[in-house]
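K.L.:
predicted model, plus sequence, below.
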Amino acid sequence: MMKKFIVMLLVLCAAILGGCSEQNNTNQPAKTDKVAAAQQKSAQNISFIVYRAAADGSEKLLPEKITLPANDKSLPENALTALVSTKPQDARMDDVVPIGTKVLSLKIDKNGTAYADFSKELAKKGQGSYGEMMLCYAITNTLTEFKEIKRVQILVEGKKVITLSGHMDIEDPLERNKTLL
């Protein structure tokens, strides 16, 4: 009887000790898995700068950093879409993109010209000269943040337009306007 008791005690001790070492080994990979998951999550995000008009009416464009989940679109296309579809997060910034405007496409040629095509809402009538200038250069300066883009041709429904609201000539591609920054 005593032999059976000792054997059961030894088996119980072995099971407890085996369980403890097993538990310690599984905790380490769990910590590593958490770190790997955090790194993978941050790798799944993209960040870029968009430019928005200053809310105080000064002729300045202010940079806003946007971070989004990664997707199959290029960084310039994500930036342009974010400029059009999101609102400023800072009260010092104003949204000059007409409501309902959509990005139809963005193509970049080998010479560094981006062709940014928008829905007809971009050419909203009644926008003043300040609003039109800030809108055109918010688009242009956002896209020229990317080294492959040197100038931007703004299109409406796939066509070149002379102006959006009658105040600024955009028939030719626009270059980055550093004086507004």
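P.N.:
It's in. Numbering: from 1, shown residues only.
K.L.:
by mean pLDDT, flag the weakest helix or strand of this structure.
P.N.:
Ranked by mean pLDDT, DSSP states H and E, the helix or strand of the chain with the weakest confidence is helix 2-43, at a mean of 58.
K.L.:
run a quick neighbour tally on the closest residue in space to Ala79 that isn't next to it in sequence.
P.N.:
Nearest residue to Ala79 in three dimensions, chain neighbours excluded: Phe48, at 4.4 Å (CB to CB, 6 or more residues apart in numbering). Bear in mind the C-beta positions are built from the backbone N, C-alpha and C, glycine included. Here the count is done by other CB atoms under 10 Å, and Phe48 has 19 residues near it.
K.L.:
Phe48 contacts Leu80, doesn't it?
P.N.:
No: taking contacts as CB atoms under 8 Å, Phe48 lies outside contact range of Leu80: 9.7 Å.
K.L.:
low-confidence stretches in the protein?
P.N.:
Low-confidence segments of the chain, defined by pLDDT under 70, span residues 1-43.
K.L.:
where do the helices sit along it?
P.N.:
Remark: helices assigned in the chain by DSSP state H are 2-43, 75-85, 129-143.
K.L.:
quickly note the distance from Ser105 to Ile162.
P.N.:
With distances defined as CB to CB, to the nearest Å, the gap from Ser105 to Ile162 amounts to 20 Å.
K.L.:
any idea how far Val84 is from the residue nearest to Ala79?
P.N.:
When CB to CB is the yardstick, Phe48 and Val84 sit 14 Å from each other.
K.L.:
ok, now Glu175?
P.N.:
Taking CB to CB as the measure, Glu175 and Val84 are separated by 21 Å.
K.L.:
what does Thr179 give?
P.N.:
Here Thr179 is placed at a distance of 24 Å from Val84 (CB to CB).
K.L.:
and Glu148, by the same measure?
P.N.:
Going from Glu148 to Val84 by CB to CB gives 20 Å.
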